[in-house]
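Undergrad: No letters, just coordinates:
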Ligand SMILES: C[S@@+](CC[C@H](N)C(=O)[O-])C[C@H]1O[C@@H](n2cnc3c(N)ncnc32)[C@H](O)[C@@H]1O
């Protein structure tokens, strides 16, 4: 039995049923959790992310950062922060593309917010020339102007699940029945207060998901960029608007599993509610751009042009690989529609577009 599975069972035996959020937190980020000392990425791992699909993803985001830095008034020194940087691939590609702007490279201080020691080592290999500093929370990054990137971080942050019953909302919890972990229902906790207007139409059996951890993080990012000048780009999968539905799932070796089966040994994720992120950022005083689909975002940043440029220098086989990579990133039935990008900026930023993200 995986040590995370064992400690979760012990905790339930001692404390009683856990909320889905407490279970996710322990299974992913707890002492023996999935994200503590394990590289889950790539063909050999459990899943592949956009920067691992193609170098073009990070390159275009690097150019987005340069453009955003200029719109912020080209601060002479700023924090370039990536949260959940995985293998460091996105940031390495971004900083290579940013060589077109030496002043940007000279001004940036690189910060990586990462809880995973195995991935920190890989990030160090790829990014040592940029002398990154590592942190386990954003709060450890000093004040000052900031550009922050997070790709596929928010889907790993804990969610609460609330289920509509004949007696009203109840919280989904995980309990032990003999030796078996199973879902049950309990009186709802404070997560109830995060339900969105779109959840009010729920019929019996409907599930609503809310994530205090995600809302808290977006609020912290937004407050910093409002106070100190800055911008943020969040890319992840989930609906553009809040809605109902059960998106809690486990991913192992590129396959979906029942969430309670492989605790600690599989990734646990849920869709990101971009409607909730947007509302929280606006409440904290930030300007919000998007969300737009990843397909629209990357097209607006010129991914097709970039692929054509790379193809000109390539043989036929490489050109075909580039074509497939672009398809995977932007085609609606691949990552193009389910994934969304949202931009946040402080009020000082005077623009109606932030890279490929339109303001409202
Ligand atoms: C799905 S991976 C995405 C990696 C990378 N951004 C990419 O696109 O390839 C999630 C990343 O977030 C990190 N992570 C998970 N939970 C975290 C947390 N609470 N704080 C900071 N990083 C976290 C993981 O270790 C990993 O680097």
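TA: Okay, I see it. Quick caveat: nothing in here was measured; it's all calculated off a predicted structure. Numbering: from 1, shown residues only.

Undergrad: Closest residue of the stretch 251-360 of the chain to the ligand?
TA: With CB to the nearest ligand atom as the measure, residue 267 is the residue of the stretch 251-360 of the chain nearest to the ligand, at 7.0 Å. All C-beta atoms are positioned from the backbone trio N, CA, C, and that covers glycine.

Undergrad: That residue reaches residue 253, doesn't it?
TA: No - Residue 267 is beyond contact range of residue 253, at 10.4 Å (criterion: CB atoms under 8 Å).

Undergrad: Look up the residues that both of those two are in contact with.
TA: The contact sets of residue 267 and residue 253 overlap at residue 46 (CB atoms under 8 Å, 6 or more residues apart in numbering).

Undergrad: how many neighbours does the residue of the stretch 251-360 of the chain closest to the ligand have?
TA: 21 (other CB atoms under 10 Å).

Undergrad: Enumerate every residue touching the nearest residue to it once chain neighbours are set aside.
TA: Of all residues not flanking residue 267 in the chain, residue 251 sits nearest, at 4.5 Å (CB to CB, 6 or more residues apart in numbering). Counting by CB under 8 Å, 6+ apart, residue 251 touches 46-47, 257, 266-267, 269.

Undergrad: Tell me how far stretch 108-115 lies from the chain's centre.
TA: Centroid separation for stretch 108-115 versus its chain: 15 Å, with CA atoms, centre = their mean, to the nearest Å.

Undergrad: Does the residue nearest to residue 267 fall in a helix, a strand, or a coil region?
TA: Under DSSP: H, G, I helix; E, B strand; the rest coil, the three-state class of residue 251 is strand.

Undergrad: pLDDT score for it?
TA: Model confidence at residue 251, given as pLDDT, is 90.

Undergrad: What score does residue 360 have for pLDDT?
TA: Here the pLDDT value assigned to residue 360 is 46.

Undergrad: Can you tell me which helices and strands the worst-scoring helix or strand of the chain on mean pLDDT packs against?
TA: One helix or strand of the chain scores below all others by mean pLDDT, DSSP states H and E: strand 357-358, with a mean of 77. Counting contacts by 3 or more CB pairs under 8 Å, 6 or more residues apart in numbering; DSSP states H and E, strand 357-358 is packed against strand 287-293, strand 339-345.

Undergrad: Of all those strands, which one is nearest residue 309?
TA: strand 339-345 (22.0 Å; CB to CB).

Undergrad: Residue 268: what's it in contact with?
TA: Residue 268 makes contacts with 23-24, 27-28, 34, 156, 248-250, 259, as judged by CB under 8 Å, 6+ apart.

Undergrad: Swap in 6 Å and give it another go.
TA: Shown in contact with residue 268 (CB atoms under 6 Å, 6 or more residues apart in numbering): 24, 27-28, 250, 259.
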